[in-house]
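Engineer: next comes the sequence, and after it the predicted model I'd like to discuss.
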Amino acid sequence: MYCWKNNTVGVYVKARDTYIPSFAKGVSDILGVLPGGRFLAVEVKRPGGKISPQQLDFISNIRDSGGLAFIAYDVEDVQKQLNENK
């Protein structure tokens, strides 16, 4: 499996003390490729965190395209999803 953290925050501009937002709203925090080439998307939330409509759309699009996409509130959520979707 190959995974990477996707920069979803944008780019900080020190001179303006602000962020330039990412143009791809809703893209999951962790992206990857599972063995066999299946796409992986993990939306990371702290307990009680809320998912945006754009994030739900992204997860739905990945699932509809045959990828594995889910929301994880802790590492156990990730382990469970990966074990159930081998």
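Structural biologist: That came in fine, so what should we check first? Because the structure is a prediction, the values reported are computed rather than measured.
Engineer: next, Phe23: secondary structure please.
Structural biologist: Under DSSP: H, G, I helix; E, B strand; the rest coil, Phe23 falls in the coil class.
Engineer: what's the distance between it and Lys86?
Structural biologist: Distance of Phe23 to Lys86, computed by Cβ to Cβ, to the nearest Å: 34 Å. All C-beta atoms are positioned from the backbone trio N, CA, C, and that covers glycine.
Engineer: got it, and Ile51?
Structural biologist: According to Cβ to Cβ, Ile51 stands 25 Å off from Lys86.
Engineer: thought Ala72 was touching Arg46?
Structural biologist: No: contact criterion Cβ atoms under 8 Å: Ala72 and Arg46 do not qualify, at 10.4 Å.
Engineer: and those two? which has more neighbours close in?
Structural biologist: Ala72 (18 against 7; other Cβ atoms under 10 Å).
Engineer: once you drop chain neighbours, what's closest to the more buried one?
Structural biologist: Once flanking residues are discounted, Ala72 sits nearest to Val78: 4.8 Å by Cβ to Cβ, 6 or more residues apart in numbering.
Engineer: give me the more crowded residue out of Ile51 and Lys86.
Structural biologist: A direct count of neighbours by other Cβ under 10 Å for Ile51 and Lys86 places Ile51 higher, at 13 against 7.
Engineer: is it true that the more buried one touches Lys45?
Structural biologist: Yes: using Cβ under 8 Å, Ile51 makes contact with Lys45 at a distance of 6.6 Å.
Engineer: shared neighbours, the two?
Structural biologist: Listed as contacting both Ile51 and Lys45 by Cβ atoms under 8 Å, 6 or more residues apart in numbering are Ile71.
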